[in-house]
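S.K.: what would the 3D arrangement of this be:
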Amino acid sequence: RIIIQRVTSASVTVEGRLVSSIGPGLMVLVGITVDDTPKDAEHMVRKILNTRIWNDDRGRGWEKSVVQMGYEVLLVSQFTLYGMMKGNKPDFHKAMGSEHSRAFYDNFVSAVRSKYTPDRVKDGEFGAWMHVALVNDGPITLQLDSRKYTYEGESDSAPSSAPKKAATTTTTTTSTTAATPSSTTPTPSTTAQPAEAAATTTTTTTPQPTTTDTSPTTHP
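M.R.: The predicted model follows:
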């Protein structure tokens, strides 16, 4: 999970010591959960470098990425992105433990650098109590979660079309189910007609005994 912020400047200091700083570009908070895999990391590397949040030369918005602009990237590890509240206290059991997350994070930083100009990708200090300063430009802030996407043989646009397919299937199934009772409905209607005839017969026979009883009574 990452938080991308478009900035005019950003910096990280630890105990009064400047660790990293950038000018215009992206300040990215990086959270790693217990079951993240290299595929999650690969996907996020692509998103960081290809997300289009700057105007192009003609002033059209959301057209250029940090790579196209030639800007910088500042990566900062932040396990609190996977915090959950238990009452009024945050719990971080979904965050990957530091014994594994350090190597995962270092590989992630290296992957971003390998896909871009290395000296344009800066880093905080893993595990340290950092002071992060930034000037958010916009403000523009995006949260991206890799688990919203499918990687095997699908493009980034595939997840948005998948729910539509599921909805179509559900609609078709509902229509088929609705059609089944309606096709059997005429059968009970046909059966109901003899029942009405029987009722009519009973009603017809009822006055006949009454008429017969009346006739002998009038003879005397």
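
S.K.: got a list of contacts for the host helix or strand of Val73?
M.R.: Val73 is located in strand 72-77, with elements delineated by DSSP states H and E. Here strand 72-77 makes contact (Cβ atoms under 8 Å, 6 or more residues apart in numbering) with 7, 10-12, 20-32, 48-49, 66, 101, 105, 108-109, 112, 116, 120-124, 126-127, 130, 132. Backbone N, C-alpha and C define where each C-beta goes, glycine included.

S.K.: what pairs with it, and is each one parallel or antiparallel?
M.R.: strand 25-30 (parallel), strand 121-123 (parallel) (DSSP bridges).

S.K.: who are the packing partners of the helix or strand just after the shortest one?
M.R.: Going back to what we said before, that points to strand 121-123. Using DSSP H and E, the next helix or strand after strand 121-123 towards the C-terminus is strand 131-144. Here strand 131-144 touches strand 2-14, going by 3 or more Cβ pairs under 8 Å, 6 or more residues apart in numbering; DSSP states H and E.

S.K.: and the strand it packs on, what other elements does it pack with?
M.R.: Strand 2-14 packs on strand 17-22, strand 25-30, helix 38-50, strand 72-77, strand 131-144, going by 3+ Cβ pairs under 8 Å, 6+ apart.

S.K.: CA atoms only for that strand, dumped as PDB, please.
M.R.: Output in PDB follows, covering the C-alpha atoms of strand 2-14 (Å, rounded to 0.1, in the frame of the first residue of the first chain):
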ATOM      1  CA  ILE A   2       1.400   3.400  -0.900                       C
ATOM      2  CA  ILE A   3       0.400   7.000  -0.500                       C
ATOM      3  CA  ILE A   4       1.500   9.200  -3.400                       C
ATOM      4  CA  GLN A   5       1.700  12.900  -2.900                       C
ATOM      5  CA  ARG A   6       2.600  15.400  -5.600                       C
ATOM      6  CA  VAL A   7       5.000  17.900  -4.000                       C
ATOM      7  CA  THR A   8       7.000  21.000  -4.800                       C
ATOM      8  CA  SER A   9       9.500  19.900  -2.200                       C
ATOM      9  CA  ALA A  10      10.000  17.300   0.500                       C
ATOM     10  CA  SER A  11      12.600  16.200   3.000                       C
ATOM     11  CA  VAL A  12      13.400  13.700   5.700                       C
ATOM     12  CA  THR A  13      15.500  14.500   8.900                       C
ATOM     13  CA  VAL A  14      16.500  12.200  11.700                       C
END
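
S.K.: that older thread, can I get the helices and strands packed on strand 2-14 in a markdown table with distance to Gly87 and mean neighbour count?
M.R.: Converted to a markdown table, the helices and strands packed on strand 2-14 look like this (distance: least, Cβ to Cβ, whole Å; neighbours: other Cβ atoms under 10 Å):
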| stretch | distance to Gly87 | mean neighbour count |
| --- | --- | --- |
| strand 17-22 | 34 | 16 |
| strand 25-30 | 25 | 24 |
| helix 38-50 | 30 | 17 |
| strand 72-77 | 26 | 24 |
| strand 131-144 | 24 | 14 |
